[in-house]
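1. the sequence and its predicted three-dimensional model are supplied below.
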Amino acid sequence: MLDSMDRIVDFQHVFAQMVVARAGSEAPEILAAFSRVPRHVFLGPGPWQVSERGGRTPSDDPALVYQDVGMGLSGSITTGLPSLHARNLDACRPRPGERVVQVGAGSGYFTAILAELVGDAGRVVAYEVEADLATRAQAEEGGMVTRGANRMFGGSKALQDAKEKFLRERRINLLPLPTRR
């Protein structure tokens, strides 16, 4: 029987395959990036809102977020459709070592995908106009996370530490946009 982390990793991989296929991408680096970044870490604790006006998931099972749907983040802001982001990434093809600026980082999930694509030699600077989302993108609370061979289980402190490490390792800076006066 699979432990809960193996189960989530399996969902991540199937999710990545479907998202990249729906995007019409054949880029192995895009598939790898979607496979490596744990989506549930960037959505906070469940149950989750499905799209900006949808209902909530029936439980807080992280497997539920591995669907090609936008998840509600804040008011009318969603994560966006993963396959649309994959299609855009396929068109842009960020390469290792490149610098990327992202405006509209949301919870940081697609920022983390960008960071996977530009690698350790690259840099991603992401801006989010909603200060609450920018803060949330830096420190989410919730259940469990995995990154490669590093496995972490447990409550909000473990998840927050794992997410901060994930962002720090990829040199991701999530910054609020300056407000107009």
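-> Structure received.

2. can you pull the contacts of the spatially most central residue of the chain?
-> For the chain, the residue sitting closest to the mean C-alpha position, by CA atoms, centre = their mean, is Tyr109 at 2.1 Å. With contact set as CB atoms under 8 Å, 6 or more residues apart in numbering, Tyr109 has these partners: 37, 39, 42-43, 79. All C-beta spots, glycine's among them, are computed from the backbone N, C-alpha and C.

3. of those, select the buried ones using a ChimeraX command.
-> What follows is the ChimeraX syntax selecting those of the contacts of Tyr109 that are buried according to 16 or more other CB atoms under 10 Å:
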select :37,39,42,43,79
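
4. closest to Ala63 out of the contacts of Tyr109?
-> Checking the contacts of Tyr109 against Ala63 with CB to CB, the nearest one is Arg39 at 10.4 Å.

5. any idea how far the spatially closest residue to the closest one that is not a sequence neighbour lies from Pro96?
-> Residue nearest to Arg39 in three dimensions, not counting chain neighbours: Val65, with 5.4 Å by CB to CB, 6 or more residues apart in numbering. With the distance defined as CB to CB, to the nearest Å, Val65 ends up 28 Å from Pro96.

6. for those two, indicate the residue with more neighbours.
-> Val65 (25 against 12; other CB atoms under 10 Å).

7. having no further points to raise, I will conclude here.
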